[in-house]
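Undergrad: please work out how this folds:
(one chain, ligands or ions: 1)
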Amino acid sequence: MTDILPSSPAASMTSFRRYRFATEVVTIDNSDDPHNASSIPIYQTATFKQKGANASGEYDYSRSGNPTRTHVENHLAKLMGAERALVVTSGMGALDVITRLVRAGEEIIAGDDLYGGTNRLLSFLAQSQNIKTHHIDTTKSDSILPYLSAERTRLVLLESPTNPLIKISDIPTISRYVHERCPNALVVVDNTMMSPYLQRPLELGADISYHSGTKYLSGHHDLMAGVIGAKTAAIGDALYYVINATGCGLNPFDSWLLLRGVKTLAVRMDKQQASSIRIAHYLELLGFKVHYPGLKSHPQYQLHHSMASGPGAVLSFETGDVDISERIVEATRLWSISVSFGCVNSLISMPCRMSHASIPAHIRAERALPEDLIRLCVGIEDVEDLLEDLERALDIAGALLPLPVKQ
Ligand SMILES: *Cc1c(COP(=O)(O)O)cnc(C)c1O
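TA: Residues are numbered from 1 along each chain as shown. Have a look, this model is predicted:
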């Protein structure tokens, strides 16, 4: 309904972080509640009555704004260090909103090891909207330089770490290159793998950071959401305009569930990360090639830790044999075979067969995505149980032989 208003009511960022993250994440500003409710209520309503024909209140229609959504947006803005945050119906919905800032004929520069759904949306834009994407190896910052065009480049889209190969991009250096050469371009970081607890791209030079709220932010695989953080009010207003125009704002119930879930982000991530570090070392000791920025053997260990406060809870490893990988995945009991990550339960998958199957095989080969790769997304179960279950599966699959020589 509200077509001309540049921003939704009360949605701009007013609270700044004062405490450490783990404190802020459970401290939700509810000072405007008329009854001092301790938990933000669910305003399950499509419309809001007006005081008079010419007197519109703070809210009029939930597509344009809803108090439950405003609360989760303000809270997430604080956590992301954003001027403004916006929540939509999925992570892909978030990227859809962001790419609507690009006009036909303009270009996107993106990584070559992106989330499968991101690749699909970028291909769609190339085919139907005349918006070309250059896929480059963003782990080498200089490889972006030949593609930067002050006239054409509109978005530079990064993931760090990438999933499932866990490659790292230098967000500060790339942001500087882009801003120096392309005043109209926006640096956009998909920060889903890290969550704002471990990495805040807006503080590293990015203009927009977004998350699949389906993953760590909600933490329980019981809702789908996308979260966008804007560095400036102008970018926030432009994104809000698209959300109101297309009607993809998150509904009140899922906004409430997201706000409930995010409160435990820090404790969940601390536990998941500590277990991941143990599991990564265990697999490396057995002789597997492990991809995880918590291991000193990761080629970009230093770079990752210059940007993030931890390695996260997603790792992958190669067994050298697709059949063995398949047997391992199928022999686990505690690790569910599932796409996605960020849930309290541990998950195991073969990306080439599952989450990344939508990428054609020849492109997977081009991008050096090993067919035998196994991805582990570590949950909050007892790590001893996770290790025992994994060891049992490795044994059944015949992957424990031959053991590398130990001293
Ligand atoms: C899951 C995911 C998305 C897409 O989010 P949805 O909520 O599934 O739409 C985007 N990027 C990354 C890195 C993801 O893991």
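Undergrad: for stretch 308-325, measure first residue to last.
TA: Using Cα to Cα, to the nearest Å, the span of stretch 308-325 from its first residue to its last is 30 Å.
Undergrad: ignore the last one, stretch 224-235
TA: Start-to-end, stretch 224-235 (Cα to Cα) is 24 Å.
Undergrad: quick one: buried residues of it?
TA: Within stretch 224-235, the residues that qualify as buried are Met224, Ala225, Gly226, Val227, Ile228, Gly229, Ala230, Lys231, Ile235, counting by 16 or more other Cβ atoms under 10 Å. In this view, the C-beta of every residue, glycine as well, is placed from N, C-alpha and C.
Undergrad: now the two most distant members of these.
TA: Pairwise distances across the buried residues of stretch 224-235 (Cβ to Cβ) peak at 25.1 Å, for the pair Met224 and Lys231.
Undergrad: quick one: stretch 158-178 near the ligand?
TA: Yes: applying Cβ under 6 Å from any ligand atom, one finds stretch 158-178 touching the ligand at Glu159, Asn163.
Undergrad: for the residue nearest to Leu295 when sequence neighbours are not counted, what are phi and psi?
TA: Once flanking residues are discounted, Leu295 sits nearest to Ala280: 5.4 Å by Cβ to Cβ, 6 or more residues apart in numbering. Main-chain torsions, Ala280, degrees, to the nearest 10: phi -60, psi -40.
Undergrad: point me to the residue of this structure nearest the ligand.
TA: Residue nearest to the ligand within the chain (Cβ to the nearest ligand atom): Gly91, separated by 2.1 Å.
Undergrad: so what does the residue nearest to that residue when sequence neighbours are not counted look like in phi/psi?
TA: Distances taken as Cβ to Cβ, 6+ apart place Ser212 nearest to Gly91, at 2.7 Å, with adjacent residues excluded. Main-chain torsions, Ser212, degrees, to the nearest 10: phi -80, psi 110.
Undergrad: what's near enough to touch the closest residue to Ile131 other than its chain neighbours?
TA: Spatial nearest neighbour of Ile131, chain neighbours left out: Leu125 (4.2 Å); criterion: Cβ to Cβ, 6+ apart. Going by Cβ atoms under 8 Å, 6 or more residues apart in numbering, Leu125 touches Thr99, Val102, Ile108, Ile131, Thr133.
Undergrad: can I get these in CSV including neighbour count and secondary structure?
TA: Shown next, in CSV, are the contacts of Leu125 (neighbours: other Cβ atoms under 10 Å; DSSP: H, G, I helix; E, B strand; the rest coil):
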residue, neighbour count, secondary structure
Thr99, 22, helix
Val102, 18, coil
Ile108, 23, strand
Ile131, 20, coil
Thr133, 21, strand
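Undergrad: check those residues against the ligand, which are close?
TA: Restricting these to contacts with the ligand (Cβ under 6 Å from any ligand atom) yields no residues.
Undergrad: picking that back up, assess the claim that the residue nearest to Leu295 and Phe288 are in contact.
TA: No: with contact defined as Cβ atoms under 8 Å, Ala280 does not count as touching Phe288 (9.7 Å).
Undergrad: give me the more crowded residue out of those two.
TA: Neighbours around Ala280 and Phe288, counted as other Cβ atoms under 10 Å, are more numerous at Ala280. The numbers are 25 against 19.
Undergrad: so how far is Leu86 from the residue nearest to Ala46 when sequence neighbours are not counted?
TA: Counting by Cβ to Cβ, 6+ apart, Ser62 is the residue found nearest to Ala46 once chain neighbours are left out, at 5.2 Å. Distance, Ser62 to Leu86, using Cβ to Cβ, to the nearest Å: 14 Å.
Undergrad: neighbour-wise, which of these two wins?
TA: Taking other Cβ under 10 Å, Ser62 and Leu86 do not tie; Leu86 has more neighbours (28 against 21).
Undergrad: checking that one next. Helix, strand or coil?
TA: strand (DSSP: H, G, I helix; E, B strand; the rest coil).
Undergrad: that one contacts Ile243, doesn't it?
TA: Yes: if you go by Cβ under 8 Å, Leu86 and Ile243 touch, sitting 5.9 Å apart.
Undergrad: between these two, which contacts overlap?
TA: Val97, Gly249.
Undergrad: near the ligand, which residues of the protein?
TA: 90-92, 115, 117-118, 159, 163, 190, 192-193, 212, 214-215, 224, 226.
Undergrad: tell me where the protein has strands.
TA: Ranges of strands in the chain, per DSSP state E, are 84-88, 107-111, 132-136, 153-159, 186-190, 208-212, 226-230, 289-291, 314-318, 336-337, 347-349, 374-377.
Undergrad: can I get these in TSV including distance to Lys271 and mean pLDDT?
TA: Formatted as TSV, the strands of the chain follow (distance: least, Cβ to Cβ, whole Å; pLDDT from 0 to 100):
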stretch	distance to Lys271	mean pLDDT
strand 84-88	25	98
strand 107-111	29	97
strand 132-136	35	97
strand 153-159	24	98
strand 186-190	24	98
strand 208-212	20	98
strand 226-230	22	98
strand 289-291	20	97
strand 314-318	14	97
strand 336-337	18	93
strand 347-349	15	95
strand 374-377	13	96
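Undergrad: start and end of stretch 83-94, how far apart?
TA: 17 Å.
Undergrad: just the ones of the residues of the chain next to the ligand in helices?
TA: Using DSSP state H, the members of these that fall within helices are Gly91, Met92, Gly117, Thr118.
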